[in-house]
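no FASTA, just this:
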């Protein structure tokens with residue numbers, strides 16, 4: 001009885017030490033989420049706790065191969081991890097045994113049933129006896145590993161092994177149970193480390209994606225800024241020579257430089273028409289840029305559709321007559337007024353009508369048809385809303401189905417060959433779509449190759465939604481002529497022209513001198529300031545983009561001088577982007593004119609300011 005009691009006490013003490021050892025190992029494992037550190041701690045603790053000569057962790061793969069991922073041993077025994085055992089294939093019988101999740105004691109490895117395939121390994125490692133504990137993981141934690149699958153919910157990740165190498169050893173069941181408990185805790189740690197590694201990888205990927213998104217956004221901002229700068233510079237570069245062409249042309253037609261013949265007049269009119277067409281293309285590009293950057297503001301007024309449609313058709317009447325195209329208006333009476341930006345919608349209609357004339361063969365017809373329709377709105381629970389449909393129907397060449405989607409994309413033309421028959425920027429229909437959409441409407445297109453096309457715009461009918469403001473243009477015809485404010489014209493007004501472009505200098509100077517003004521010339525901003533102080537001109541024409549000091553800074557400095565503050569200034573610039581007018585007026589300019597400038601408009605502005 002005493003012996004039984006002592007054995008019982010000894011077993012209890014052994015179990016207590018085992019639990020304390022297990023708790024120590026668990027605490028050490030929990031101190032890290034690094035799989036490498038966890039495996040190093042486990043193998044070291046197992047070797048020490050079980051007084052083994054070597055502890056090894058094998059990882060198993062789905063092809064039956066294995067790899068020693070960690071090893072702890074006494075220095076007088078060979079290191080198996082550095083040797084190549086990857087080609088050793090574990091038999092299905094061995095895997096079936098370990099899938100059961102129970103430890104296996106091998107008291108003599110040379111007489112083990114599975115030693116046949118591990119003889120070289122056992123001899124190389126001087127292994128006499130061992131305990132093997134399988135490491136089983138939950139099935140759903142297997143995404144980042146190549147684990148061998150089981151029929152149940154577990155995955156055999158690998159095995160934890162302790163070796164006795166000095167001499168064969170009779171391992172106890174309690175030792176095998178302890179090793180299995182450690183293997184079970186190692187499985188949990190592997191799962192946690194794998195999840196942590198996966199989460200860290202996902203966080204790193206998200207950070208990288210966020211960084212790439214930030215860099216992409218920064219590149220887009222830079223690209224947008226560069227595009228705006230390019231458009232502003234292109235506007236200036238294109239409008240400056242156009243100003244000279246149109247200005248000189250106007251002066252010639254007004255016979256400022258002498259009388260001209262009828263044939264010469266026709267040639268000048270062709271030059272003017274071509275130049276105006278080029279200006280329209282430039283304006284199209286700038287309009288698309290403004291719309292895409294959200295810089296266009298609609299000026300809504302109550303508009304009569306009948307007069308809008310008729311005035312738009314009048315614009316293309318001469319082109320249609322030239323091609324013997326019949327224009328047919330189908331505009332019902334008593335149409336409601338709608339709130340639109342009349343200038344922009346006229347631009348839309350003229351664009352559609354121009355295209356119809358361009359793509360309709362001689363002798364064809366173009367119909368402008370207006371009707372009221374109801375269209376379901378997705379933003380109002382599919383409640384039908386009232387729209388005014390304006391359709392341009394032609395008997396032209398038509399458009400194929402595959403080309404219809406390209407039509408409304410900017411800078412894309414269906415006929416892109418070098419020898420294309422129809423010219424243009426490819427911006428017209430992109431402008432149409434955007435202008436109609438910012439009115440709350442939409443564009444429809446039906447077409448058949450060789451039969452014709454129907455382009456229709458649907459505009460919401462919103463009568464009375466905004467107050468109507470009558471705007472009248474000031475009639476300048478009654479303004480006093482040159483000299484009436486200058487002591488009955490005895491002294492002609494002195495105009496300081498600040499301009500660095502030679503062609504524009506010649507255009508403005510010759511025209512204004514012909515009108516009776518005296519001209520003072522400055523070719524940069526600083527020169528303009530100096531001349532203004534020295535000569536005190538009656539009016540200043542200031543170009544904005546000039547060398548040394550730009551026109552805006554020159555205007556500011558002139559306005560800050562008390563002796564010059566009363567001199568009226570007209571900003572004369574090729575800048576035409578949103579906000580340019582406001583910048584010029586804020587700097588102190590009295591008037592803002594965009595190149596190319598009609599010389600008569602310039603003349604009237606000068607008269608107005610000098611009076």
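Alright, I've got the coordinates. Predicted model only: the values in this text are computed from it and were never measured.

tell me how far residue 258 lies from residue 248.
13 Å (CB to CB, to the nearest Å). All C-beta atoms are positioned from the backbone trio N, CA, C, and that covers glycine.

looking at the two, which is more packed in?
Each of residue 258 and residue 248 has its neighbours counted (other CB atoms under 10 Å); residue 248 has more, 21 against 6.

was I right about that one contacting residue 507?
Yes - judged on CB atoms under 8 Å, residue 248 makes contact with residue 507 at a distance of 5.3 Å.

what segments of the stretch 501-611 of the chain are strands?
518-522, 539-542, 569-573, 591-594 (DSSP state E, counting those that start in this stretch).

can you lay out these as a markdown table showing mean neighbour count?
Shown next, in a markdown table, are the strands of the stretch 501-611 of the chain (neighbours: other CB atoms under 10 Å):
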| stretch | mean neighbour count |
| --- | --- |
| strand 518-522 | 18 |
| strand 539-542 | 26 |
| strand 569-573 | 26 |
| strand 591-594 | 18 |
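
okay if I get the ones you listed as CSV plus mean pLDDT and distance to residue 94?
Formatted as CSV, the strands of the stretch 501-611 of the chain follow (pLDDT from 0 to 100; distance: least, CB to CB, whole Å):
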stretch, mean pLDDT, distance to residue 94
strand 518-522, 91, 98
strand 539-542, 95, 94
strand 569-573, 89, 87
strand 591-594, 88, 88
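
can you list those strands in CSV and add distance to residue 113?
Listed next are the strands of the stretch 501-611 of the chain as CSV, based on distance: least, CB to CB, whole Å:
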stretch, distance to residue 113
strand 518-522, 107
strand 539-542, 103
strand 569-573, 97
strand 591-594, 97
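
and of the ones you listed, who's closest to residue 328?
Judged by CB to CB, the one of the strands of the stretch 501-611 of the chain that comes nearest to residue 328 is strand 591-594, at 37.0 Å.

compute the distance between residue 5 and residue 12, please.
11 Å.

could you do residue 551 as well?
Counting by CB to CB, the gap from residue 551 to residue 12 is 100 Å.

okay, these two: which has more neighbours?
residue 551 (27 against 10).

verify the stated contact: that one with residue 499.
No - between residue 551 and residue 499 there is no contact under CB under 8 Å: 9.5 Å.

joint contacts of the two?
Shared contacts of residue 551 and residue 499, defined by CB atoms under 8 Å, 6 or more residues apart in numbering, comprise residue 543.

so, low pLDDT: which residues of the stretch 101-250 of the chain?
For the stretch 101-250 of the chain, the stretches flagged by pLDDT under 70 are 115-117, 139-153, 228, 231-232, 235-236.

all strands of it, in order?
Under DSSP E, counting those that start in this stretch, the stretch 101-250 of the chain gives strands at 104-106, 129-138, 148-149, 154-164.

can I get these in a markdown table including mean neighbour count?
Below are the strands of the stretch 101-250 of the chain laid out as a markdown table (neighbours: other CB under 10 Å):
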| stretch | mean neighbour count |
| --- | --- |
| strand 104-106 | 20 |
| strand 129-138 | 23 |
| strand 148-149 | 16 |
| strand 154-164 | 24 |
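
can I get the ones you listed in JSON lines including distance to residue 303?
Converted to JSON lines, these look like this (distance: least, CB to CB, whole Å):
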{"stretch": "strand 104-106", "distance to residue 303": "92"}
{"stretch": "strand 129-138", "distance to residue 303": "71"}
{"stretch": "strand 148-149", "distance to residue 303": "73"}
{"stretch": "strand 154-164", "distance to residue 303": "73"}
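
out of those strands, which gets nearest to residue 318?
Of these, nearest to residue 318 by CB to CB is strand 148-149, at 81.7 Å.

mind listing the helices in the stretch 301-450 of the chain by residue range?
Ranges of helices in the stretch 301-450 of the chain, per DSSP state H, counting those that start in this stretch, are 305-315, 317-322, 342-359, 401-404, 428-437.

so for residue 225, which of the strands of the stretch 101-250 of the chain sits nearest?
strand 129-138 (53.5 Å).

sorry, back to before: which one, of the strands of the stretch 501-611 of the chain, ends up nearest to residue 334?
strand 591-594 (39.6 Å).

which helices and strands sit right next to the closest one?
strand 569-573, helix 580-587, helix 599-610 (3 or more CB pairs under 8 Å, 6 or more residues apart in numbering; DSSP states H and E).

now residue 126: how far from residue 166?
Going from residue 126 to residue 166 by CB to CB gives 9 Å.

neighbour count: these two, which is higher?
Using other CB under 10 Å as the criterion, residue 126 and residue 166 rank with residue 126 on top: 16 against 12.

got phi/psi on that one?
Per-residue torsions, residue 126: phi 60, psi 40 (degrees, to the nearest 10).
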